[in-house]
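**Student:** Here is my input; please provide its structure:
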Amino acid sequence: MKQTRLADLATQGVSHNAAIRKKVMLQLGDLPHLTQFAQAQFPPGAIAGAHHHDDLHEVFFVESGTGKIVINGQSHDLIPGVCVAVAPGETHEVCNTGSEVLTLTYFGIRAASA
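**Tutor:** Next up is the predicted model:
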């Protein structure tokens with residue numbers, strides 16, 4: 001059993017933009033196939049630039065704020081309550097388009113080997 005409390009976790013920058021801060025609740029090695037389970041805070045205007053992962057699925061849940069996620073060139077609105085799954089190989093970019101912090105809770109799962 002592992003228990004974490006979001007309020008007790010240190011923040012760290014995300015690899016795509018250090019201005020975007022995250023708290024990692026579960027990390028690689030804590031559960032089979034899970035790469036991380038985290039919550040990220042995107043300040044207004046912050047962008048996690050276009051990238052893809054060949055080896056994992058990512059799932060994003062919008063806690064608060066507004067933004068856009070662009071997946072393979074197609075833009076989708078991010079508003080509270082929206083959940084988006086990104087498949088391995090899909091190019092995606094996340095940006096805060098609002099005037100308040102965009103909070104995303106997300107996790108990654110290793111893709112099955114081909």
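**Student:** got any ranges where this protein has weak pLDDT?
**Tutor:** 113-114 (pLDDT under 70).
**Student:** one more time with 50
**Tutor:** Within the chain, the segments meeting pLDDT under 50 span 114.
**Student:** Now the strand of greatest length in it: buried residues?
**Tutor:** Counting residues, the longest strand in the chain under DSSP state E turns out to be strand 17-27. Neighbour-count burial for strand 17-27 flags 17, 20-25 (criterion: 16 or more other Cβ atoms under 10 Å). C-beta: built from backbone N, CA, C; applies to glycine.
**Student:** Stretch 84-103 too?
**Tutor:** In terms of neighbour count (16+ other Cβ under 10 Å), stretch 84-103 has its buried residues at 84, 86, 88, 92-98, 101-103.
**Student:** same question, stretch 64-76
**Tutor:** 65-69, 71.
**Student:** CSV for those residues, including distance to Pro44?
**Tutor:** Formatted as CSV, these follow (distance: Cβ to Cβ, whole Å):
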residue, distance to Pro44
Gly65, 9
Thr66, 10
Gly67, 10
Lys68, 13
Ile69, 16
Ile71, 22
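**Student:** Keep only those of the residues you listed that are in strands.
**Tutor:** Taking DSSP E as the definition of strands, the buried residues of stretch 64-76 contribute 67-69, 71.
**Student:** Let me know the closest of those residues to Gln36.
**Tutor:** Ile69 (17.9 Å; Cβ to Cβ).
**Student:** Quick check: that closest one vs Leu26, distance?
**Tutor:** If you measure Ile69 against Leu26 using Cβ to Cβ, to the nearest Å, the figure is 22 Å.
**Student:** my guess is Leu22 contacts Ala46, does it?
**Tutor:** To be clear, residue 22 is Lys; Leu isn't right here. No - contact between Lys22 and Ala46 fails when scored by Cβ atoms under 8 Å: they sit 11.8 Å apart.
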